[in-house]
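Trainee: I need the structure of the sequence given here:
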Amino acid sequence: MSQALTAFFDRIAEGYGRSITPAEQQSRRRGLELLNVVAGERIVELGCGIGEDLLRLAQSRADVVGIDASREMAQRSRERLEDARAAGEVQVVDVPPLPLPDGQTHACWSSFTLELQPLEVVQESLSELRRVLSPGGRLGLVSIAATWPDPGGLSLRTASSWQECFLDADSDLIDLKAMVEDVGFDVQRSERFELNGKAGDILLATRAERSPARHLVDEQLRQLGSRQPMDRVRARQRLAMLGAASLGPLHELATSPHEQLRAEATRCLLWIGSTESVDVLIRLLEDSSQQVRWLAAETLVKLDAVPAVCERLTQPVGDSFKLYQAAGRVIRSLVRRGHTDLGVLRDAFEQQEPETSVPVAASQCLHGRT
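Mentor: Sure thing, here's the model as predicted:
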């Protein structure tokens, strides 16, 4: 969760309970009914907020762990458990990852939380929930079927409730059922509800003993070649949500003879942000397409892959201009982000012929003249 969003929930924590609507309560009660927690089960709630659902779970004599990114919200959960003399643990954690062991949780619960995360983080959170569940473990979700429209905007500094700045704004729809299935769950029950004109999902799923299917990845890879821009955007979103399952096929696509497909593959690698892609991205710094080179450079900056860039700069190159032009973009991005210790990169550049190989702007950055 972004710092702005965490600060927003810290600010509204004290009065949060007064903003909960009957429709929210009803959807949560239905979700918990489907989850059907029994005594003795270990339950994890992601986004426990002020602890209303966490207390209900604890009163079922379950072993509960509540997790929230907001310290103020988490403190309200602790106080609620203490006031009711109910046992339970509350942790302040910005998920993902979850600070819990693999396969030792019977059920996970989350309501009105996933939609607060960037789309690419939703998949990571769902994957983490699957990781901590035991085989056949249950997942209960209640979520608005849309992304948070303005996670760092002015509304967070002025609104008095999350509904005020989320439900009244335009946002992108998401297919929660498909996302849950993509990360390795079998959906057992799916119901729809409406909150202030926005559709929401109540889901019950069980952990499946399978990884995301390759056919799901292949379907989205085909969409990357679509002539419709929105088809390509949706495909990038789905591939980012599939995460690690997409990396191998995307690495292959990055060698395609078609420039558009190479560019789309590189955009996906930027969204996923995995260090497993560094070698592929280094090769793309010499791509014939400037667009692909720029995207690869941007992704390497995101991954903080300076050592890999340095190593490539000290090796023989075919088209030195393309490589050094792209590497120069890496350097300028690092400087703009406040990096000052670029001595290693300077040494790597100076092993070559700076008057012919190094773009002027990059050379100026390296020598502190920008």
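Trainee: got the phi and psi for residue 194?
Mentor: Backbone torsions of residue 194, given as degrees, to the nearest 10, read phi -130, psi 140.
Trainee: quick one, strands of the stretch 101-250 of the chain?
Mentor: In the stretch 101-250 of the chain, the segments counted as strands under DSSP state E, counting those that start in this stretch are 105-111, 133-144, 185-195, 198-207.
Trainee: just name the most buried of the ones you listed.
Mentor: Highest mean neighbour count among the strands of the stretch 101-250 of the chain (mean count of other C-beta atoms under 10 Å): strand 105-111, with a mean of 24. C-betas here are computed from N, CA, C, even on glycine.
Trainee: list the neighbouring strands of that strand plus their orientation.
Mentor: strand 42-46 (parallel), strand 133-144 (parallel) (DSSP bridges).
Trainee: could you check the angle strand 198-207 makes with the last one?
Mentor: So the one you mean is strand 133-144. 180 degrees (axes from the mean of the first three to the mean of the last three C-alpha atoms, to 10 degrees).
Trainee: relative orientation of strand 133-144 and strand 185-195 in degrees?
Mentor: 20 degrees.
Trainee: now the nearest residue to residue 180 once chain neighbours are set aside, which residues is it bridged with?
Mentor: Excluding the flanking residues, the one nearest residue 180 by C-beta to C-beta, 6 or more residues apart in numbering is residue 205, at 5.2 Å. Using DSSP bridges, the bridge partners assigned to residue 205 are residue 139, residue 187.
Trainee: wait, doesn't residue 205 sit right on residue 182?
Mentor: No: if you go by C-beta atoms under 8 Å, residue 205 and residue 182 don't touch, sitting 11.5 Å apart.
Trainee: can you pull the contacts of the residue nearest to residue 180?
Mentor: By C-beta atoms under 8 Å, 6 or more residues apart in numbering, the residues touching residue 205 are 138, 139, 141, 180, 181, 185, 186, 187, 188.
Trainee: so for it, what pLDDT did the model give?
Mentor: With respect to pLDDT, residue 205 has a value of 97.
Trainee: do residue 348 as well
Mentor: Looking at residue 348, its pLDDT is 55.
Trainee: spatially nearest residue to residue 101, not counting backbone neighbours?
Mentor: Of all residues not flanking residue 101 in the chain, residue 132 sits nearest, at 7.0 Å (C-beta to C-beta, 6+ apart).
Trainee: quick check: pLDDT value at the one you found.
Mentor: According to the predicted model, the pLDDT of residue 132 comes to 94.
Trainee: rewinding a little: make TSV out of the strands of the stretch 101-250 of the chain and add distance to residue 218.
Mentor: What follows is the strands of the stretch 101-250 of the chain, written out as TSV (distance: least, C-beta to C-beta, whole Å):
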stretch	distance to residue 218
strand 105-111	29
strand 133-144	26
strand 185-195	20
strand 198-207	23
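Trainee: right, so of those strands, which gets closest to residue 76?
Mentor: Closest to residue 76 of those is strand 105-111 (C-beta to C-beta; 15.5 Å).
Trainee: the closest residue to residue 56 other than its chain neighbours: what secondary structure?
Mentor: Spatial nearest neighbour of residue 56, chain neighbours left out: residue 32 (6.3 Å); criterion: C-beta to C-beta, 6+ apart. Secondary structure, DSSP: H, G, I helix; E, B strand; the rest coil: residue 32 is helix.
Trainee: how near is residue 32 to residue 57?
Mentor: 8 Å (C-beta to C-beta, to the nearest Å).
Trainee: overlap in contacts of the two?
Mentor: Common contacts of residue 32 and residue 57 (C-beta under 8 Å, 6+ apart): residue 109.
Trainee: and the closest residue to residue 208 other than its chain neighbours, what does it touch?
Mentor: Excluding the flanking residues, the one nearest residue 208 by C-beta to C-beta, 6+ apart is residue 186, at 4.6 Å. For residue 186, the contacting residues are 205, 206, 208, by C-beta under 8 Å, 6+ apart.
Trainee: quick one: average pLDDT of stretch 2-20?
Mentor: pLDDT averaged over stretch 2-20 gives 84.
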